[in-house]
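Undergrad: missing the sequence, but the structure's below:
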């Protein structure tokens, strides 16, 4: 990975690290896309470009990703005008040490028996691609740009950064 890739990866993590919930999207067996709120468990993107989640082993998300491992994870922080869409391949991982490493007290609300709960599935999403949009212009500047766009018929530009990160 070159310096530009490392910088993009750091930018990606910087955008998602403080967002408590992500929308985790799977292909449901009925053919539809289903999204559910999930909490990212890791505190940085792993060295192998993975995100980690705890899910119910008996729940639909796990059944969905076992049938079709291609997933999308979306993070949004409207207050900071930053948005991230992560595409990746998900799998259930049987790794007790990793469960212990990622475990925190908040998870007990869903898994009361702790990291050894028989219904606890550890899900790894290996990131293949991510897009992000990071708007740094103030709300006033954005409103002025949109008003100008409405008058001129030309889309607003230079309001923020759009970036792409390829991991695989």
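TA: Noted; the coordinates are in hand. Predicted, not measured: the structure shown is a model, and the values here were computed from it. Numbers count the residues shown, from 1 in each chain.

Undergrad: for this structure, what are the low-confidence residue spans?
TA: 1-8, 46, 136-168 (pLDDT under 70).

Undergrad: where is the longest strand in it?
TA: strand 120-135 (DSSP state E).

Undergrad: that strand pairs with which strands?
TA: Partner strands and pairing direction for strand 120-135 (DSSP bridges) are strand 50-56 (antiparallel), strand 82-93 (antiparallel), strand 160-166 (antiparallel).

Undergrad: isn't residue 33 up against residue 27?
TA: Yes: using Cβ atoms under 8 Å, residue 33 is in contact with residue 27, at 6.3 Å. (C-beta placed from N, C-alpha, C; glycine too.)

Undergrad: of those two, which one has the most company?
TA: In this view residue 33 and residue 27 are compared by other Cβ atoms under 10 Å, and residue 27 has more residues nearby, 17 against 11.

Undergrad: ramachandran angles for the more buried one?
TA: Per-residue torsions, residue 27: phi -90, psi 120 (degrees, to the nearest 10).

Undergrad: quick check, central residue of the protein?
TA: residue 73 (3.9 Å; Cα atoms, centre = their mean).

Undergrad: and residue 26, what are its bridge partners?
TA: According to DSSP bridges, beta-bridge pairing links residue 26 with residue 34.

Undergrad: tell me the contacts of residue 13?
TA: Listed by Cβ atoms under 8 Å, 6 or more residues apart in numbering, the contact set of residue 13 reads 44, 45.

Undergrad: quick one: it and residue 52, what's the gap?
TA: 13 Å (Cβ to Cβ, to the nearest Å).

Undergrad: ok, residue 92 next?
TA: 11 Å.

Undergrad: repeat that for residue 125.
TA: Taking Cβ to Cβ, one finds residue 125 at 8 Å from residue 52.
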